[in-house]
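# need coordinates for the following:
(one chain, ligands or ions: 2)
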Amino acid sequence: MEKLGLVRDIDLALHIPLRYEDETRITPISDLRDGDTAQVEGVVSDCQILFRPRRQLVVKLDDGSDELFLRFLNFYPNHQKTLAAGKRVRVRGEARGGFFGLEMVHPSFKGVDAETPLATALTPVYPTSATLPQAYLRKAVASGLHRADLAELIPPELLPRGSWNLRDSLRFLHHPTPDVSLGELEDKTHPAWQRLKFEELLAQQLSQLQAKNERALQRAPRFTVRTGGLQEKLLAALPFSLTAAQRRVVEEIALDLQREVPMHRLLQGDVGSGKTVVAALAAAIAMNEGWQCALMAPTEILAEQHFRKLVQWLEPLGIQTAWLTGSRKGKKRAEMLVRVASGEAALVVGTHAVIQSEVQFAKLGLAIIDEQHRFGVAQRLALRDKLEQQSLEPHLLMMSATPIPRTLAMTLFADLDVSTIDELPPGRTPIVTKVFSDNKREGVIRTIAAEVAQGKQVYWVCPLIEESEKLDLQNATATHEQLSAALPGHSVGLLHGRMNATDKAAVMAQFTAGQMQVLVSTTVIEVGVDVPNASLMVIEHAERFGLSQLHQLRGRVGRGSVASVCVLLYTSPLSDTGKSRLKAMAESNDGFEISRRDLEIRGPGEFLGARQSGAPLLRFADLTLDERLVHVARQAASQLLASEPRVADQHVARWLGSKAEFLKA
Ligand code: ADP
Ligand code: MG
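Ligands and ions are numbered 1, 2, ... in the order given. Presented below is the predicted three-dimensional model:
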């Protein structure tokens, strides 16, 4: 029960059935059709064990209208006793046309007499685990529902119009009356469902608002943007000028940094829109005042790319940097830690190793998380704890190339300010995306040969097969061999998840320097890698990737002025959804549009990487379907928090229990 999260009475009351069984009526056997699931009642006219084709118990049931066979391949003495000839039984199962005529295999059954009453409500079937019997869970839920405090907490004027009360809604969802429309229960449009979803969304909005209010009480260092300061020097030293969108978001961030409330901002911008330089400019503001800045990326390769770029931009201006990752160990790591702790290193770049407990900052003023959706919720919580160790909170800037659709931004990230770079740097040629079946592979390889002959570079991405790292490697290795053979005189590299960090970095460095023409890789290059001379990207088994992931990958090309192509190879047969997904990729280069479609197809849980946390964020409401309820809940949350903060607390505790912390991360 604990594993299912069923600890408190209220948890049990909120454990809603997966589906229902109708035991409120008896169907005459003569009305049964092949495929019907139904309850019948009759008298056993025959019960015997047959041995052919295998040992089984065959029971003949007669209800006066017709006969039905019941077959049990596994049975116990109890079966024979209850199902003996002459006994009256009530049986529930799926009717199928069998060898003897209409039959039910392994139906549920119980002995009855003519007076045994029928159920008055539908029978709930609960989500459960293999070791927890349904009957036990039913009893536990029924008593939890009976004991739970379901008093109305929400003032009626804040509820959506025509709302049911909570107690009635829950009682109904556990034991619906047989006249209910099963359709309304299934699509969760029934008023009882609406109330439940509203409650959940309200709890979630409240916890976000509470987090925001808590943050407003914290103090962060207040920076000043100075003329002639580091930020201006960096701007002057850049080989390009900022786009209008970049200038706008830098301005938004700079305003936050000049306030004493910690910044909590998400910077979103499509792949290649130039977020790194914005991060560098934000860092420059903090560092100019003698504060440290930490930049974290989800993978070592990405962290290293950032590091190189930032070093190249900032070291000439006199900034000391440090590089921290999980693979950097021993003496070098110890040295780095000392430089971070003393404050000598103003800029610290790395993977999540940066947030490990032994890393102590002298004066952390700004933390930047790149590709924030790739960090698990647990990691974000660890970061928050770490940041709570100093008296002044650092400012927090999160960056993401996966644009968050509007409803999501309003709900799961309600306490986040958002800046958007909605423009690509000038001079980019749009990427052309082509979709081919894998049997066009030879032709694609010829295109690669033509491309490298012109001095261009090529990525070839193989999917990561989660269940089997070994298979994943085989696939990438085989492709690597095939391409090496097909491109004599050119260097073809291989990059995969099982290589150690040093080897990965070496391969990446060769490709970046242009000494390697083709890079075969598993998805380790997924985010952030920047090699402007790469003009062709081939993605094998493209049907196995999420749309946003494909968009991220595709964004690795088209980073310079050369016209770029992305080839999506799929393996036949491809399902209809599979086809329309790849078609969507070919039709759109817009990350927002793609992300919207991705959300439709996959749902927000996976979209957000919430699976990593093990705690599904919303159990009942659906952000795409329940947009209207989201709006009502949002308004109700701010009113309730302002007028009755204690009630708000009670509501959050009732709904979220220990999950509240997760939602604030
Ligand atoms: P992303 O937003 O995907 O992280 P990057 O920050 O890696 O994008 O930037 C992509 C490329 O564009 C980099 O090579 C970067 O130096 C370059 N770049 C960024 N801003 C501009 C600009 N305003 N003009 C020209 N090139 C730019
Ligand atoms: Mg980036």
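# drop to CA atoms for contacts and neighbour counts, all remaining ones
OK.
# measure the closest residue to ligand 1 within the stretch 351-500 of the chain to Ser273 for me?
Of all residues in the stretch 351-500 of the chain, Pro425 sits closest to ligand 1, at 4.5 Å by C-alpha to the nearest ligand atom. Look at Pro425 and Ser273: by C-alpha to C-alpha, to the nearest Å, they are 6 Å apart.
# more neighbours: these two, which one.
Ser273 (22 against 17; other C-alpha atoms under 10 Å).
# ok, Ala237 - contacts?
Trp313 (C-alpha atoms under 8 Å, 6 or more residues apart in numbering).
# er, Arg33 actually
Contacts of Arg33 by C-alpha under 8 Å, 6+ apart are 95-96.
# so Gly93: helix, strand or coil?
strand (DSSP: H, G, I helix; E, B strand; the rest coil).
# which residues does it bridge with?
Per DSSP bridges, residues listed as beta-bridge partners of Gly93: Ala38.
# that one: neighbouring residues, count only.
Around Gly93 sit 20 other residues, with neighbours defined as other C-alpha under 10 Å.
# right, and it touches Leu102 too?
No: using C-alpha atoms under 8 Å, Gly93 is not in contact with Leu102; the gap is 11.9 Å.
# let me see the contact set for the residue of the stretch 351-500 of the chain closest to ligand 1.
Counted by C-alpha under 8 Å, 6+ apart, Pro425 has contacts 242-243, 272-274.
# inside helices: which ones of those?
Judged by DSSP state H, helices contain none of those.
# how does the protein divide into domains?
Using automatic domain parsing, the domain parsing of the chain gives 25-118, 230-421, 431-588.
# could you redo these as CSV and give each row distance to ligand 1 and mean pLDDT?
Converted to CSV, these look like this (distance: least, C-alpha to the nearest ligand atom, whole Å; pLDDT from 0 to 100):
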stretch, distance to ligand 1, mean pLDDT
domain 25-118, 54, 92
domain 230-421, 3, 84
domain 431-588, 6, 85
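# redo those domains as TSV? Include distance to Arg619.
Putting those into TSV (distance: least, C-alpha to C-alpha, whole Å) gives the following:
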stretch	distance to Arg619
domain 25-118	28
domain 230-421	13
domain 431-588	22
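# quick one, strands of the stretch 201-350 of the chain?
264-269, 292-296, 321-324, 347-350 (DSSP state E, counting those that start in this stretch).
# contact partners of the first one?
Contacts to strand 264-269, defined as C-alpha under 8 Å, 6+ apart, come from residues 249, 253, 275, 395-403, 416-422.
# max-length helix in this protein?
Longest helix in the chain, counting by DSSP H: helix 191-217.
# now do it against strand 264-269, angle only.
110 degrees (axes from the mean of the first three to the mean of the last three C-alpha atoms, to 10 degrees).
# i'd like the first residue to be 6 from this point on
Okay, residue one is now 6; in that scheme the one you just asked about reads as helix 196-222.
# show me which positions of helix 196-222 end up buried.
196-217, 220 (16 or more other C-alpha atoms under 10 Å).
# elements contacting it?
helix 171-179, helix 632-648, helix 650-661, helix 665-669 (3 or more C-alpha pairs under 8 Å, 6 or more residues apart in numbering; DSSP states H and E).
# as JSON lines, the ones you listed with mean pLDDT and mean neighbour count would be great.
Output for the helices and strands packed on helix 196-222, formatted as JSON lines (pLDDT from 0 to 100; neighbours: other C-alpha atoms under 10 Å):
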{"stretch": "helix 171-179", "mean pLDDT": "95", "mean neighbour count": "19"}
{"stretch": "helix 632-648", "mean pLDDT": "91", "mean neighbour count": "18"}
{"stretch": "helix 650-661", "mean pLDDT": "89", "mean neighbour count": "18"}
{"stretch": "helix 665-669", "mean pLDDT": "45", "mean neighbour count": "18"}
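# for Leu558, find the nearest of those.
helix 665-669 (29.1 Å; C-alpha to C-alpha).
# look up how far ligand 1 lies from Pro160.
Note on Pro160: its distance to ligand 1, by C-alpha to the nearest ligand atom, to the nearest Å, is 45 Å.
# okay if I get the helices and strands packed on helix 196-222 as a markdown table plus distance to His556?
What follows is these, written out as a markdown table (distance: least, C-alpha to C-alpha, whole Å):
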| stretch | distance to His556 |
| --- | --- |
| helix 171-179 | 41 |
| helix 632-648 | 26 |
| helix 650-661 | 34 |
| helix 665-669 | 27 |
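# among those, which comes closest to Ile54?
helix 171-179 (39.0 Å).
# toward the C-terminus, what is the element adjacent to that closest one?
Counting by DSSP states H and E, the element after helix 171-179 in chain order, helix or strand, is helix 187-191.
# average pLDDT across that next one?
Helix 187-191 shows a mean pLDDT of 81.
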